[in-house]
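In: Coordinates only, no sequence provided:
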């Protein structure tokens, strides 16, 4: 027996040397980092490209960006499902990289081929031709391919990298994983900062041909580096996806809708032998019908259902219940994402303000998003590495802000951000009118663009509390088997928020355009009332706070609150153990921050 185990260990070590390992890390990290620089670098200035080269109004251009962002956030949810159920992570990342490259190639071609865009406006007649349907369709195809690409790379890259070095037979396995996660998150953060500064700067000073050409080259390198190491990768076989499991529960519950909610005896419930859950809970009892065994012949000798589309397990049902239970709180976080989605408007504001730092350097209008990322990162580091450990050491027990409390604080700060946005825009527009620039939206108002920094910082702080709190809430409330759903739920929220943002914008435009008026969101920012639009969002955010409180109350105590109660009831806790637990929570929270889409 000992010899067999030794042979098995030797075979495992040989296999590990042949496939996977740290040698694959540079290729996977480079693929993710280059993809982020390329795709995120396109977003900040895209509103200007739509307005100047495609003669699209601010309102229509913003709607296009809302829908593009929604697609880019929904695609990873679809990509995760396809990866887990059919394609596997290697093929999903590979296809995603190719789609992203193709989309960026199409976008770059629009800058090189004059016939793919409307002609330059006639300066004598002051008329501009709109883009034709074919020209517009070509542009949309580019956006679609880029979104599909993000759906392949982003949900799979981290897990695929972990598979390469997750070797239980290696005594240094945990250290290798820790090192990979650290480099992965660091590369991702640096990539986003480069995108919001370097790529945006190139677009503003070198034009669209070079500005879109650089992301294209980076995406080509990203794709090339990933496939170059193909022979080195460990490629796991696909497993059943939780999304399929949820669908099975819904289908079987509908099939069994006429059955009684409770079977005659507990043996009539279908459950895994190794699962701690042998009986379903009483909540959402209509779903319990999906695990009622009507005929023992429907099970194998091991107690497993012959047809998973006719009989589900208690575990499957409880997983779906956990998802349904968090939906109200999930929906209360959409308003903050709607506020963050208004990123095009501050960029337009910044373009009309004094952006100089010193006598020569001028901050690109699209680079002000840097302050959001910087504040988010700075606060997380201070909170996790300084404030919480220090407070824990002083009090002699773990200090921890509950996830629901942090979510609520984030929503309050997000409301404040919209109030500040409205006040700053009101002051900017007033100065523009006073300086005789009402009909000249290209003119620079004698007002520093640094007045926009507070609202960007508040958005970053709001995300540091609410967005990270949401992710931690999902991870703590769901069983470990649903960790992929926890990540997908936040991305799905961002996608839905962008669709709602588009609906709100269209509604505001429809209500304010009556009587021959231009509406609040106009191409000439001085003619519009962006400040009033911000006030509408601020009021909606304030009302949403009460909706959040109601959802929080209805949900009851969450996992971290119950753990805190248990810790309080026990008086024999070692302060050093509590400090170590606090640091562990801090590590987990920082990992959650790093996985957020920016």
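Out: It's in. Because the structure is predicted, anything quoted here is derived from the model rather than measured.
In: Spatially nearest residue to residue 226 (excluding sequence neighbours)?
Out: residue 31 (4.1 Å; Cβ to Cβ, 6 or more residues apart in numbering). In this view, the C-beta of every residue, glycine as well, is placed from N, C-alpha and C.
In: what helix or strand is the one you found on?
Out: Residue 31 is located in helix 25-40, with elements delineated by DSSP states H and E.
In: cool, and residue 446?
Out: Using DSSP H and E, residue 446 falls in strand 445-448.
In: For residue 545, give its distance to residue 131.
Out: Separation of residue 545 from residue 131 (Cβ to Cβ, to the nearest Å): 41 Å.
In: Same question for residue 201.
Out: For residue 201 relative to residue 131 (Cβ to Cβ), the value is 27 Å.
In: repeat for residue 355
Out: From residue 355 to residue 131 the distance is 29 Å (Cβ to Cβ).
In: now do residue 113
Out: Taking Cβ to Cβ, one finds residue 113 at 13 Å from residue 131.
In: Look at the two and report which has more neighbours.
Out: The neighbour comparison of residue 113 against residue 131 (other Cβ atoms under 10 Å) goes to residue 131, with 18 against 11.
In: what's the more buried one in contact with, if anything?
Out: Residue 131 is in contact with 54, 55, 56, 117, 118, 139, counting by Cβ atoms under 8 Å, 6 or more residues apart in numbering.
In: Find the pair from these with maximum spatial separation.
Out: 55 and 139 (12.2 Å; Cβ to Cβ).
In: the more surrounded of those two?
Out: When residue 55 and residue 139 are compared for neighbours, residue 139 comes out ahead with 21 against 18, by other Cβ under 10 Å.
In: Would you agree that one is in contact with residue 111?
Out: No. With contacts counted by Cβ atoms under 8 Å, residue 139 stays clear of residue 111, the gap being 10.9 Å.
In: average pLDDT across the helix ranked longest in the chain?
Out: Identified as the longest helix of the chain according to DSSP state H is helix 403-434. On average, the pLDDT along helix 403-434 is 95.
In: all strands for this protein, in order.
Out: 353-354, 356-357, 361-362, 445-448 (DSSP state E).
In: so where's the stretch 301-450 of the chain uncertain?
Out: Applying pLDDT under 70 to the stretch 301-450 of the chain flags no residue at all.
In: Try it again at 80.
Out: The stretch 301-450 of the chain contains residues with pLDDT under 80 at 301-304, 358-359, 384, 397-401.
In: And for the residue nearest to residue 226, the neighbour number?
Out: When neighbours are counted by other Cβ under 10 Å, residue 31 comes out with 27.
In: out of the contacts of residue 131, which are inside helices?
Out: residue 139.
In: Go through the contacts of residue 131 and say which is closest to residue 47.
Out: Of the contacts of residue 131, the one sitting nearest to residue 47 (Cβ to Cβ) turns out to be residue 56, at 8.9 Å.
In: Not counting sequence-adjacent ones, nearest residue to that closest one?
Out: In space, residue 56 is closest to residue 50, 4.4 Å off (Cβ to Cβ, 6+ apart).
In: how far away is residue 553 from residue 328?
Out: The value you get for residue 553 to residue 328, if Cβ to Cβ is used, is 11 Å.
In: show me what contacts the residue lying closest to residue 528 once chain neighbours are set aside?
Out: Spatial nearest neighbour of residue 528, excluding adjacent residues (Cβ to Cβ, 6+ apart): residue 522 at 3.7 Å. Contacts of residue 522 were listed using Cβ under 8 Å, 6+ apart, and they are 57, 58, 59, 528.
In: Quick check: the third one vs residue 525, distance?
Out: Spatial separation of residue 59 from residue 525 under the definition Cβ to Cβ is 12 Å.
In: Repeat that for residue 364.
Out: 18 Å.
In: Excluding covalently adjacent residues, which one is nearest to residue 190?
Out: residue 33 is the one closest to residue 190 (Cβ to Cβ, 6+ apart), at 7.3 Å.
In: May I have the residues that are in contact with that neighbour?
Out: 187, 188, 190, 191, 222.
In: redo that, cut-off 10 Å
Out: By Cβ atoms under 10 Å, 6 or more residues apart in numbering, the residues touching residue 33 are 157, 183-184, 186-192, 194, 218, 222, 225.
In: Out of those, which comes closest to residue 310?
Out: Nearest member of the contacts of residue 33 to residue 310, counting by Cβ to Cβ, is residue 157, at 36.5 Å.
In: Setting aside sequence neighbours, what's the nearest residue to that closest one?
Out: residue 32 (4.4 Å).
In: Show the pLDDT at that neighbour.
Out: The model reports residue 32 with a pLDDT of 88.
In: any idea how far it lies from residue 76?
Out: Residue 32 is 13 Å from residue 76, by Cβ to Cβ.
In: can you list the domains in the protein?
Out: 19-239, 242-312, 325-478+522-559+568-593 (automatic domain parsing).
In: Any idea how far stretch 303-321 is from the middle of the chain?
Out: Relative to its chain's centre, stretch 303-321 lies at 30 Å (Cα atoms, centre = their mean, to the nearest Å).
In: Show the end-to-end separation of that stretch, please.
Out: Start and end residues of stretch 303-321 are separated by 23 Å (Cα to Cα, to the nearest Å).
In: What are the buried residues along it?
Out: By neighbour count, with 16 or more other Cβ atoms under 10 Å as the criterion, the buried positions of stretch 303-321 are 305, 308, 310-321.
In: next one: stretch 520-528
Out: 520, 521, 522, 523, 525, 526, 528.
In: Stretch 416-430 now?
Out: Applying 16+ other Cβ under 10 Å to stretch 416-430 flags 416-426, 428-429 as buried.
In: which residues do residue 32 and residue 76 both contact?
Out: 153, 154, 156.
In: Now tabulate these in a markdown table and tack on distance to residue 412.
Out: Below are the shared contacts of residue 32 and residue 76 laid out as a markdown table (distance: Cβ to Cβ, whole Å):
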| residue | distance to residue 412 |
| --- | --- |
| 153 | 34 |
| 154 | 30 |
| 156 | 35 |
